[in-house]
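> okay, here's the prediction I keep looking at, along with the sequence it came from:
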Amino acid sequence: MPEMPEIQAHAERLTADFAGATLQRFVPLTFTALKTAVPSPDAAYGLPLEEVGRRGKYLLLRFQPVTFVVHLMQGGRLLVDTKQAAKPRGGQARFLFAGTVPALLLTEQGTERRAGIWCVARGDEQTSAPLDKLGPEAATIEPAELAARFEATNMRVHGFLRDQRCIAGIGRRLANEVLHRAKVSPFAMTRKLGADGADAIVAAIREAVAEGLEYERSRDDMSSSKDRPGRVHGRTGEPCPVCGDTVRAVTYSGYTVNYCPTCQTDGKVLADNTTSKFLK
Ligand SMILES: [Zn+2]
């Protein structure tokens, strides 16, 4: 799933290419693509796209009266669409612009069909669904605030980092990379991390996000997950680039926690299933 660096760099590319383009029409291509009934997308017809912003893992297409909040989920993409095929593969919705500006097409490959668009009043952007439930931005959170949130919600830190209500913008890949950089076990409980843990994790978030942004900004399009820079994510069995120990995995349905035992768990290898005594 694209995370904060991928979404941020994509928002910057779209702003560079589409800011000022006049919206002609918004066309849902499936019944589930548009998640809201009010306000109507046509409030933005004839008006220029001011910018494409970001909050958490959402893209925000901002027109003066309304913002289109776009969530790509796992396999979604917001693509420049020069062809405008009648039935584009995986097509969910299309933004048509006036003149010779190409369209923007929201696609979602696979069968999940969870990508979508919310049309919200511009002034209510942050207080309307789906953005109203998001925690603070991962890239700018301060250590004291993260420490307070760790204290308030006691759970495994890997799950905390992936929960958008706790902190917004981090997914499975960044959670693995951040905890490796911070030298914190993915299964540590947040309440035990204290101020030092929060300090280390904030520093690690900033480093991992900066690395991801630098890579993503060097591209013309959004990367796929296998291309993204990293030290442990998706590297089960490879040597840890910090200490040389073997990168390990604990696999859940749908995702994998990667970690380095020497760097993160005092050398303990966690059993690769969720019923291990160690994990309870
Ligand atoms: Zn290591």
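Cool, got the structure. Everything numeric here is computed off the predicted structure, so don't read it as measured data. Residues are numbered from 1 along each chain as shown.
> CA atoms for contacts and neighbours, from now on please.
Noted.
> let's see the pLDDT reported for Val279.
If you look again at residue 279, you'll see it is Leu, not Val. As predicted, Leu279 sits at a pLDDT of 47.
> now Val250
On pLDDT, Val250 comes in at 95.
> do the same with Gly254
Confidence score, pLDDT, at Gly254: 77.
> swap in Asn273?
We have a pLDDT of 59 for Asn273.
> which elements pack onto the lengthiest helix in the chain?
When the chain is parsed with DSSP state H, its longest helix is helix 194-217. Using 3 or more C-alpha pairs under 8 Å, 6 or more residues apart in numbering; DSSP states H and E, the elements in contact with helix 194-217 are helix 4-18, helix 143-152, helix 172-182.
> now do the buried residues in the second one.
Yep, that's helix 143-152 we're talking about. Neighbour-count burial for helix 143-152 flags Pro143, Leu146, Ala147, Arg149, Phe150, Glu151 (criterion: 16 or more other C-alpha atoms under 10 Å).
> pipe those into a markdown table and attach pLDDT and distance to Arg113 per row.
Listed next are the buried residues of helix 143-152 as a markdown table, based on pLDDT from 0 to 100; distance: C-alpha to C-alpha, whole Å:
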| residue | pLDDT | distance to Arg113 |
| --- | --- | --- |
| Pro143 | 98 | 36 |
| Leu146 | 98 | 33 |
| Ala147 | 98 | 36 |
| Arg149 | 98 | 32 |
| Phe150 | 98 | 33 |
| Glu151 | 97 | 36 |
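> redo the residues you listed as CSV? Include distance to the ion.
Shown next, in CSV, are those (distance: C-alpha to the ion, whole Å):
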residue, distance to the ion
Pro143, 24
Leu146, 25
Ala147, 25
Arg149, 27
Phe150, 25
Glu151, 27
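> coming back round to it: deepest-packed of the helices and strands packed on helix 194-217, please.
helix 172-182 (a mean of 24; mean count of other C-alpha atoms under 10 Å).
> does that one reach the ion?
No: applying C-alpha under 5 Å from the ion, one finds helix 172-182 separated from the ion by no less than 7.7 Å.
> which helix or strand contains Ala93?
strand 91-97 (DSSP states H and E).
> show me the shaky parts of this structure.
Low-confidence segments of the chain (pLDDT under 70): 273-280.
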